[in-house]
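> Next come a sequence and a model predicted from it.
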Amino acid sequence: MPKWLDNAVFYEIYPQSFMDSNGDGIGDIRGIVQRLDHVRSLGCNAIWLNPCFDSPFLDAGYDVSDYKRVAERYGSVEELAYLFEEVHRRDMHILLDLVPGHTSMEHEWFLKSCSAERNEYSDRYIWTDSIWESPEGMGCVRGFFERDGSCAVNFFTHQPALNYGFAHPERPWQMKPDAPAPLATREAIKDVMRFWLDKGCDGFRVDMAGSLVKNDPDGSANIAFWQDFRAFLDREYPDAVLISEWGEPDKSLAGGFHMDFLLHFGPSHYNDLFRCEEPFFSRRGKGTAEAFVRTYTENYAGTGGSGLICIPSGNHDMDRMRRFLDPEEMKLAFTFLLTMPGAPFIYYGDELGMRYVEGLTSKEGGYGRTGSRTPMQWDDSPNAGFSTAAPEKLYLPIDPSPDRPTAENQLLSRDTLMREVKRLTALRSEHKALQSRGKVKFVTSGYPLVYLRTEDREDGERIAVMINPSERTYSLPKQLNGSVLYSVGKGVPHLTHDEQKLVMPPESAAVILL
Ligand code: GLC
Ligand code: CA
């Protein structure tokens, strides 16, 4: 595993909403370069950039029409390569978003694939043999083309599924993963990866990584699939990093991914903590972390104890945390995020406590996700410093709240969320036990939440993290007392007069060296 991942803290940039450098109302690559110092100043040393490739933008760029071109609205391949340089100059790394599962219907491969005449691309996508047969268990697009067949889709109906074969083919048109056409699709994606790695990116966050080979209930065919990619990278680009949107680290790490995401859907219980009626991190104290801790611990064991599971503060697909938690509660949530193993991911603006903007009309296939995709709030100048365009020209409106947070006012005021984020990333960088590969062991899974982080060697540091989001005071075993490395909230843990217990004050968190 590349060394830099040991202490990576990622920042996710949604390019259309980060910084507009040329006043057309849409964020762009030059804008990102202008604001790299903000990212660095947070203590983030790595970036995940959402898709920035040619696209009709029916799914905000997750519908790629040319993997090797940068969408004009963002800039050019040269500018993206320049961004890589500027990132590296600051001792940071950057992952692009690889969307290998499907393309846009406008992709040249798909246009050729739709032709009635057989050609090199006829089997690049999953097609049934006849328009009257639709692929079982999947959506499809059909009736638009001269070709007699239905094409399987992955997400929206305009996202035809690339053909990597079926683990257990059941119909004549379903191919084995090692049939020539699925192998050719693989090679085409490797070629895309080569293209960007040669330009200087450090690797990829891989979209829908666990479901490329179809009908693969135990995941073994997808694991084998990615092992082949890892072998290719080890041969040609040994330092290239892969992080998966898979949500099953036992499988994705076996496939050669360095880390896997906790997902906001599926069985992880991630949202029990941040996004539900009674989130664990709410001061109401009615939530529960039990199911989360249970599944996390199982997953953790599944990683062979390496714990390389990335926990995001949010992303472009889910409601902003701020919709459920206020900035004080978010300080405790960030204490958790930034003291867990794996690499934490901060979604742009979450470090300020940016709001989910209610009531927006869907933009580029965002639907309910649109409110989490509004422009970054930099300062109090027009359009919050995001763009010089007229407000109605902006990609999405700025959060209209009069008290919206900005990077500038968070920097100038005391006790802000952004300041805590910086303190926490600094703390993390000073203690190996708190970094990616430090071990974790949960002591409790209720209020207060307590876990131990330890270095992976005998005489290494032992650190306790205790977080009490609730309004109640608790007492803990005195063995958890030690020197306070970090504390936030309404009080600092302290021993009772008789020194028999450690008092955990309400709405507070602490990181303690044992
Ligand atoms: C992933 C992306 C999401 C996109 C979907 C289809 O889940 O994060 O934004 O819509 O894949 O590509
Ligand atoms: Ca622009």
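Perfect, I can see it now. Ligands and ions are numbered 1, 2, ... in the order given.

> Could you point out the longest helix of this structure?
In the chain, taking DSSP state H as the definition, the longest helix is helix 180-199.

> after the helix or strand containing residue 250 comes which helix or strand?
Per DSSP states H and E, residue 250 falls inside helix 249-254. Next helix or strand after helix 249-254 toward the C-terminus (DSSP H and E): strand 259-261.

> State the paired neighbours of that following strand in the sheet, together with their directions.
strand 241-244 (parallel), strand 309-310 (parallel) (DSSP bridges).

> ok, back up a step: distance from the helix or strand following the longest helix of the chain to the middle of the chain?
Remark: after helix 180-199, the chain's next helix or strand is strand 203-206, criterion DSSP H and E. Centre-to-centre, strand 203-206 and its host chain are 10 Å apart (Cα atoms, centre = their mean, to the nearest Å).

> do the same with stretch 253-267
10 Å.

> and that stretch, average pLDDT?
Stretch 253-267 shows an average pLDDT of 93 in the prediction.

> let's have the chain start at 19 instead
Taking 19 as the first residue, the last one we looked at is stretch 271-285.

> For that stretch, which residues meet the burial criterion?
271, 272, 273, 274, 275, 276, 277, 278, 279, 280, 281, 282 (16 or more other Cβ atoms under 10 Å). Placement of C-beta: from N, CA and C, glycine included.

> who touches the fifth one in this structure?
Going back to what we said before, that points to residue 275. Neighbour list for residue 275: 224, 227, 244, 260, 261, 262, 264 [criterion: Cβ atoms under 8 Å, 6 or more residues apart in numbering].

> returning to that earlier point: any chance of the buried residues of stretch 271-285 in JSON lines, with distance to ligand 2 too?
Below are the buried residues of stretch 271-285 laid out as JSON lines (distance: Cβ to the ion, whole Å):
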{"residue": "271", "distance to ligand 2": "38"}
{"residue": "272", "distance to ligand 2": "41"}
{"residue": "273", "distance to ligand 2": "37"}
{"residue": "274", "distance to ligand 2": "37"}
{"residue": "275", "distance to ligand 2": "33"}
{"residue": "276", "distance to ligand 2": "32"}
{"residue": "277", "distance to ligand 2": "31"}
{"residue": "278", "distance to ligand 2": "33"}
{"residue": "279", "distance to ligand 2": "29"}
{"residue": "280", "distance to ligand 2": "32"}
{"residue": "281", "distance to ligand 2": "31"}
{"residue": "282", "distance to ligand 2": "29"}
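
> Those residues: which two are farthest apart?
274 and 282 (24.2 Å; Cβ to Cβ).

> Can you tell me, leaving aside adjacent residues, what's nearest to residue 302?
The shortest distance from residue 302 to any non-neighbouring residue, by Cβ to Cβ, 6 or more residues apart in numbering, is to residue 296 (6.3 Å).

> Residue 164 too?
Closest to residue 164 by Cβ to Cβ, 6+ apart is residue 134, at 4.3 Å.

> That neighbour in helix, strand or coil?
Secondary structure, DSSP: H, G, I helix; E, B strand; the rest coil: residue 134 is coil.

> what does the stretch 69-218 of the chain have sitting close to ligand 2?
Residues of the stretch 69-218 of the chain lying near ligand 2 by Cβ under 5 Å from the ion: none.

> Minimum distance to ligand 2, which residue of the stretch 269-418 of the chain gives it?
residue 405 (7.1 Å; Cβ to the ion).

> what's the helix or strand for the nearest residue to that residue once chain neighbours are set aside?
Leaving aside its sequence neighbours, residue 405 sits nearest to residue 38 (Cβ to Cβ, 6+ apart; 3.6 Å). For residue 38, there is no host helix or strand (DSSP H and E).

> check contacts around residue 38.
So residue 38 contacts 44, 45, 46, 49, 393, 404, 405, 406, 407, 413 (Cβ under 8 Å, 6+ apart).

> Next, the buried residues of stretch 139-158.
Those would be 139, 140, 141, 142, 143, 144, 145, 146, 152, 153, 157, 158, for stretch 139-158 by 16+ other Cβ under 10 Å.

> From those, pick the one nearest residue 526.
When the buried residues of stretch 139-158 are ranked by distance to residue 526 (Cβ to Cβ), residue 157 comes first, at 47.9 Å.

> That closest one contacts residue 171, correct?
Yes - in terms of Cβ atoms under 8 Å, residue 157 counts as a neighbour of residue 171; the distance is 4.6 Å.

> if we can go back for a sec, mind putting the contacts of residue 275 into JSON lines with neighbour count, distance to ligand 2 and pLDDT?
What follows is the contacts of residue 275, written out as JSON lines (neighbours: other Cβ atoms under 10 Å; distance: Cβ to the ion, whole Å; pLDDT from 0 to 100):
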{"residue": "224", "neighbour count": "29", "distance to ligand 2": "27", "pLDDT": "98"}
{"residue": "227", "neighbour count": "28", "distance to ligand 2": "30", "pLDDT": "97"}
{"residue": "244", "neighbour count": "24", "distance to ligand 2": "35", "pLDDT": "98"}
{"residue": "260", "neighbour count": "23", "distance to ligand 2": "30", "pLDDT": "98"}
{"residue": "261", "neighbour count": "27", "distance to ligand 2": "27", "pLDDT": "97"}
{"residue": "262", "neighbour count": "27", "distance to ligand 2": "31", "pLDDT": "97"}
{"residue": "264", "neighbour count": "24", "distance to ligand 2": "33", "pLDDT": "96"}
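
> right, and the pair among those with maximum separation?
244 and 261 (11.8 Å).

> can you list the domain ranges for the protein.
21-119+199-446, 120-181, 458-531 (automatic domain parsing).

> Can you tell me which of these is most buried?
domain 21-119+199-446 (a mean of 20; mean count of other Cβ atoms under 10 Å).
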